[in-house]
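Engineer: just a sequence and a predicted model for now, questions to come.
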Amino acid sequence: RSCHSSRVELCNSAISACAKAQAWQQALVTLASMPCSLVTPDVVSFGASIEACSKAGESQQALALLQAMTIWRLRPNMVAYCSAINSCAKGSMWQSGLELFMDMKAHAVELNEMTFSAVARACTAGSLWRAALMLL
């Protein structure tokens, strides 16, 4: 295992710990400092940062991070998308949550129970109970 991959894993662990502690700002500081330390963020780095923002109710920040992944030429995975969709549900941004779900389908990202639960929460937040039922 390379020294670089060990440093990425260390940063990812720190970001995940920040997410668990609802310290979203520190998670973002850690993510932003990675390139300065010559550590390239990966999908896990961004996914954990999105999760940290989602848990703190920082929907706009979570969506910005999801978009930033393309700058790094990273393809969002199911975890990153679901965290962003959950953030949309918390922020009453159900339209954005549904758009992300459609984006997942368009990019052939794996869909599972976590995905459908996140979309159902987004639909519920928008009082779209019929749309939520259609997911069943």
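Structural biologist: On my side now, so go ahead.
Engineer: list the buried residues of the longest helix seen in the chain.
Structural biologist: As assigned by DSSP state H, the longest helix anywhere in the chain is helix 3-20. Buried residues in helix 3-20, counted by 16 or more other CB atoms under 10 Å: Val8, Cys11, Asn12, Ala14, Ile15, Ser16, Cys18, Ala19. All C-beta spots, glycine's among them, are computed from the backbone N, C-alpha and C.
Engineer: so, low pLDDT: which residues of this structure?
Structural biologist: For the chain, the stretches flagged by pLDDT under 70 are 1-4, 125-136.
Engineer: and the helices in it?
Structural biologist: For the chain, applying DSSP H gives helices covering 3-20, 24-33, 43-55, 59-71, 78-90, 94-106, 113-125, 129-134.
Engineer: tell me the angle of the longest helix of the chain relative to helix 24-33?
Structural biologist: 160 degrees (axes from the mean of the first three to the mean of the last three CA atoms, to 10 degrees).
Engineer: and for helix 3-20, what's in contact with it?
Structural biologist: Helix 3-20 has contacts (CB atoms under 8 Å, 6 or more residues apart in numbering) with 24, 26-27, 30-31, 34, 37-42, 44-45, 48-49, 51-52, 55.
Engineer: can I have the buried ones of the residues you listed as a ChimeraX selection?
Structural biologist: Entered in ChimeraX, the line below selects the buried ones among the contacts of helix 3-20, by 16+ other CB under 10 Å:
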select :24,26,27,30,31,34,39,41,42,44,45,48,49,51,52,55
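Engineer: gap between Leu111 and Arg73?
Structural biologist: The gap separating Leu111 from Arg73 is 23 Å, by CB to CB, to the nearest Å.
Engineer: check Cys123 too.
Structural biologist: For Cys123, the distance to Arg73 equals 32 Å [CB to CB].
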